[in-house]
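K.L.:
Quick one, fold the following:
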Amino acid sequence: MASRTRRHGAARGARGGARRRRLPLRLLLPLLVLVALVAMLMLRGYVHSEILADHRIQPPAATDHVPEKILEGGPVIDTRGGQTNSLRVPDHRLVLTFDDGPDPVWTPRVLNVLKKHDAHAVFFVTGTMASRYPDLVKRMVDEGHEVGLHTFNHPDLSYQSKKRIDWELSQNQLAITGAAGVRTSLFRPPYSSFADAMDDKSWPVTEYIGSRGYITVVNNTDSEDWQKPGVHEIIRRATPHGGKGAIVLMHDSGGDRHQTVQALDRFLPDLKKKGYEFDNLTEALDAPSAMTPVTGVDLWKGKAWVWLVQASEKLTDGLVVGLAIIGTLVIGRFVLMLLLSGVHARRVRRRRFRWGPAVTEPVTVLVPAYNEAKCIENTVRSLMESDHPVEVIVIDDGSSDGTARIVEAMGLPNVRVIRQLNAGKPAALNRGLANASHDIVVMMDGDTVFEPSTVRELVQPFGDPKVGAVAGNAKVGNKDSLIGAWQHIEYVMGFNLDRRMYDVLRCMPTIPGAVGAFRRSALEPFGGMSDDTLAEDTDVTMALHRAGWRVVYAENARAWTEAPESVQQLWSQRYRWSYGTMQAIWKHRRAVIERGPSGRFGRVGLPFVSLFMVVAPLLAPLIDIFLLYGIVFGPTQKTIVAWLGVLLLQAVCAAYAFRLDRERMTHLISLPLQQILYRQLMYVVLLQSWITALTGGRLRWQKLRRTGVVEAPGGGVPSQRSRSGNDRRPVA
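P.N.:
Predicted coordinates for the structure are as follows:
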C-alpha cells in the first residue's frame, strides 16, 4: 500500500489526498554526514576512555570469604567449571607480563628487547589500545608471545555489574580477534596485585570470570616500573628469591617506559646466566596454548570493529588537522582584515584624498527586474532622489506581476522601461548595457534603494582611468528580525571588511549585484555579463581583473537591500552564491598559470577567494564540533576558554567593522548566537554546493520572495507597503 501511495501520489494530491513528504536530498545528505561524524566521534571517545570510563578504585576489604588456598596459593587462579585451583610457575622459569598496552612508542621497544634475547612474554592488553594499535597485537602473536584480556576500558571490576563485566570482556576479546585473529583465555584484572591481596570484593569477580571461561593471572613479583624507581631498582624488585619461578609484573604503556626497556635489556641476560627461562604462561606451565584461532563470522566482526576504530582515528586526526587549518585561516583572515581595512580607511578618509578629477557627467543605472512589483517603486523613486544626474533603465525580464506597468505609470523623467521575455539576470543586464547612453553604468537589484549620494559616491573612483569597476557598500534594510540582524552582522563584518582588504590587495572578487558600477568599455571586450555561472557578478569581476582593470571599494556608496526573511529563502540565496562562486573560480582557474595582470589575480586573488570563501566556511563548523566534544568529553574548561577566545577575536573584528561603518553596536548582542546557529546553516549550504559541484549538477536561478519593506534611512523614499502587512514571513 505504501508503494502504491508513492506511485500515485500526484494523482491523489490532485484529488485532495495527502502525500507523504520526503526529506529533500539537500537536507538528507548533510544530515547523514552529520550522523556519521557524530557516530565516529562517539566511537573515538569510547575507545579513548572518554565515554563510559570508570576510574574508581576499590579500597582493601576483608578476606573472610576468600578460600585459604587462594590466599596462600600461586598467581594463576582457575575457577572454571565451578572448581577452585591455584597454580604456581615452576622453579627457574619466569613469565614476564606487561600490562596496559600496546603502546605505539614503548611496546615495539619491549618486543625488540624480547626478540633480541629470545624470550617470550604475556601481554595483557586493553581493548582500547588493541583497537587503536592492532598491528602491535598481531606482532605479539606472530613472535610467539601470548596475549591476555585486561578489560576494554580498565575499570575496577569490583564496582561493575555482571552485564558490564561481560561487556568489558567481550569488547576486549573482539579487539584482539580483529587485530590478531585469535581468542585468549587469559585474564588479568585491572589494579590487581598478588594472590594474597584477593579480598571479599574482588573474589566474587574472579569466580564470575572463571564461569565465563577465563583463567585469572596475577603476579609473584612486581617491578613497580610505573614509579620509575631506576633501572637497578626495577631489576631488584622483579627478581625472585632462591631460584623460584615467578610471574613478573611490568608495563609497556601508561607513560614513559624507558627505564623498563633498559632494565629488561639487563634483566634477561643476567637471569639467563643464572639458569632462568623466559616463557609465556602456558609454556611455563606445560599447558595447551591459551590462544585459539578464530574463523567465520566472529573473525569478520573483529575485523570490522578494528576497521571502524581505525576509521574513527583517521577521521579525528583529519578533523584536528582541519581545525588547525580553520584556526589558522580564521586568525589569519581576521588579522589581515583588521590591518588592511585600517589601511584602506586611512587612505580613503584623508582630507585631500581624490581618486582623480571629479566625475560629474551623467551615468546610466540599470535595474533588472523580475516580478518586483512590491519593491520596484521604492527602488526607482530612490534613484530620482539622487544628487548625481542619472538615466534609469528598468529591464523587465518577463515579469508576470505588472512590474513594468508600475514603473511606466509613475511617469518619471529619465526613466525607461525595456521589456523582454524571461531570459535571466545576465541577459537583462546585457540588454540594458546595449541601450545605455553613457559609458559609466551603475547596476542595482530591483529590491534595493539608494541614498541620494549613493550614485555620486559610487562613480567617483572612475576619475582614475585604471578603475574598471567599483563595489558599493550594501547594507541590510530589514534587520529588525533575528535572521535579518544576523545578515546585518555578516554584511558589515564579513563583506565590507573583506572588500576593504581585497581593495588593498587589488584582488576584489565580487562587485555586489545590489550596488556596483562598471565602465561599459571595460565590459565590451568579453561580451558584458556572462551566464556561464550563477554568480555573474563574481564572474565579471574576475574577468575584469584578468583584463588588467582595477576594481575598488567605495565605502560611502551605501545601498539598502532586502535580505531573505526566512531560512528557506536564505538557503536558496546562499546556495546560489556558493555554487556560483565555485563555478567562477573553476572558470577562471587558468589565471593561476598565466602572466601579467591575469596571473597576478590567479596567484593572489583566486587562492584568497578559495580559502576564505570556500574552504574556511566549510571547515568553520569544526570549531563548534570540537566545542561540543570538549564540553561532553573534556577538557571542558580549556575547550570553553579556547572557543570564547575565538569568539572574542570575532567580536573585536565585528566591533571594528561596525565602527568603520558607523553602525550601532547593539546589533552585536546576537553575535554569539549567530556564530553557533547561522554558521551551521551556511555550512550545510556550502556542503550542498560541494555535492552539486562534485556530482556535476545544475542549479537554476531561484527567485526570492520580496516584501517591499526596505527604504533608505531618513524616510526620503516613500514606502509602498506597510510593515504590518501579511507579506512579512517569520524567521523560520
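K.L.:
Just name whatever secondary elements the helix or strand containing Ala642 is in contact with.
P.N.:
Using DSSP states H and E, Ala642 sits in helix 636-660. For helix 636-660, the packing partners by 3 or more C-beta pairs under 8 Å, 6 or more residues apart in numbering; DSSP states H and E come out as helix 296-348, helix 497-505, helix 621-633, helix 671-673. For every residue, glycine as well, the C-beta is placed using N, CA and C.
K.L.:
Now do that helix, average pLDDT.
P.N.:
Average pLDDT, helix 636-660: 85.
K.L.:
what's next to that helix, contact-wise?
P.N.:
Contacts to helix 636-660, defined as C-beta atoms under 8 Å, 6 or more residues apart in numbering, come from residues 327, 330-331, 334, 337-338, 341, 345, 489, 492-493, 496-497, 500, 555, 623-624, 626-627, 629-631, 664-665, 667-668, 671-672, 675.
K.L.:
let's see 6 Å
P.N.:
Identification of contacts with helix 636-660 by C-beta atoms under 6 Å, 6 or more residues apart in numbering yields 334, 345, 492-493, 497, 627, 630, 665, 668, 671.
K.L.:
now that helix, how far from the centre of its chain.
P.N.:
The chain centre lies 18 Å from the centre of helix 636-660; the measure is C-alpha atoms, centre = their mean, to the nearest Å.
K.L.:
Run the angle between that helix and helix 296-348 for me.
P.N.:
30 degrees (axes from the mean of the first three to the mean of the last three C-alpha atoms, to 10 degrees).
K.L.:
returning to that earlier point: in a markdown table, list the helices and strands packed on helix 636-660 along with mean pLDDT, distance to Pro189 and mean neighbour count.
P.N.:
A markdown table is the format used below for the helices and strands packed on helix 636-660 (pLDDT from 0 to 100; distance: least, C-beta to C-beta, whole Å; neighbours: other C-beta atoms under 10 Å):
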| stretch | mean pLDDT | distance to Pro189 | mean neighbour count |
| --- | --- | --- | --- |
| helix 296-348 | 89 | 23 | 16 |
| helix 497-505 | 91 | 60 | 23 |
| helix 621-633 | 76 | 26 | 18 |
| helix 671-673 | 82 | 48 | 15 |
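K.L.:
And those helices: which comes nearest Pro362?
P.N.:
helix 296-348 (24.3 Å; C-beta to C-beta).
K.L.:
helix or strand right after that closest one?
P.N.:
Next along from helix 296-348, by DSSP H and E: strand 363-369.
K.L.:
Can you name the next helix or strand after that next one?
P.N.:
Next helix or strand after strand 363-369 toward the C-terminus (DSSP H and E): helix 376-384.
K.L.:
For that next one, name the packing helices and strands.
P.N.:
helix 403-410, strand 448-450 (3 or more C-beta pairs under 6 Å, 6 or more residues apart in numbering; DSSP states H and E).
K.L.:
Go again with 7 Å.
P.N.:
Using 3 or more C-beta pairs under 7 Å, 6 or more residues apart in numbering; DSSP states H and E, the elements in contact with helix 376-384 are strand 363-369, strand 390-397, helix 403-410, strand 448-450.
K.L.:
Excluding its own residues, what touches stretch 673-683? List them.
P.N.:
486, 489, 567, 574, 617-618, 620-621, 624, 647, 650 (C-beta atoms under 7 Å, 6 or more residues apart in numbering).
K.L.:
hmm, back to that, out of the contacts of helix 636-660, which two sit at the greatest distance?
P.N.:
Of all pairs drawn from the contacts of helix 636-660, the one with the longest distance (C-beta to C-beta) is Ala345 and Gly630, at 37.2 Å.
K.L.:
Could you double-check that Ala290 sits in contact with Thr184?
P.N.:
Yes - the criterion here is C-beta atoms under 7 Å, and Ala290 meets it with Thr184 at 5.4 Å.
K.L.:
in stretch 585-599, what's buried?
P.N.:
585, 587-588, 591, 597-598 (16 or more other C-beta atoms under 10 Å).
K.L.:
How much space separates the closest residue to Trp307 other than its chain neighbours from Val309?
P.N.:
Leaving aside its sequence neighbours, Trp307 sits nearest to Gly178 (C-beta to C-beta, 6 or more residues apart in numbering; 7.8 Å). To Val309, Gly178 is 8 Å away according to C-beta to C-beta, to the nearest Å.
K.L.:
one step back: between helix 621-633 and the helix holding Ala642, find me the angle.
P.N.:
150 degrees.
K.L.:
thinking again about what came up before, so which of the helices and strands packed on helix 376-384 is the most surrounded?
P.N.:
strand 448-450 (a mean of 28; mean count of other C-beta atoms under 10 Å).
K.L.:
Show me what that strand is packed up against.
P.N.:
Of the remaining helices and strands, those touching strand 448-450 by 3+ C-beta pairs under 7 Å, 6+ apart are helix 376-384, strand 550-561.
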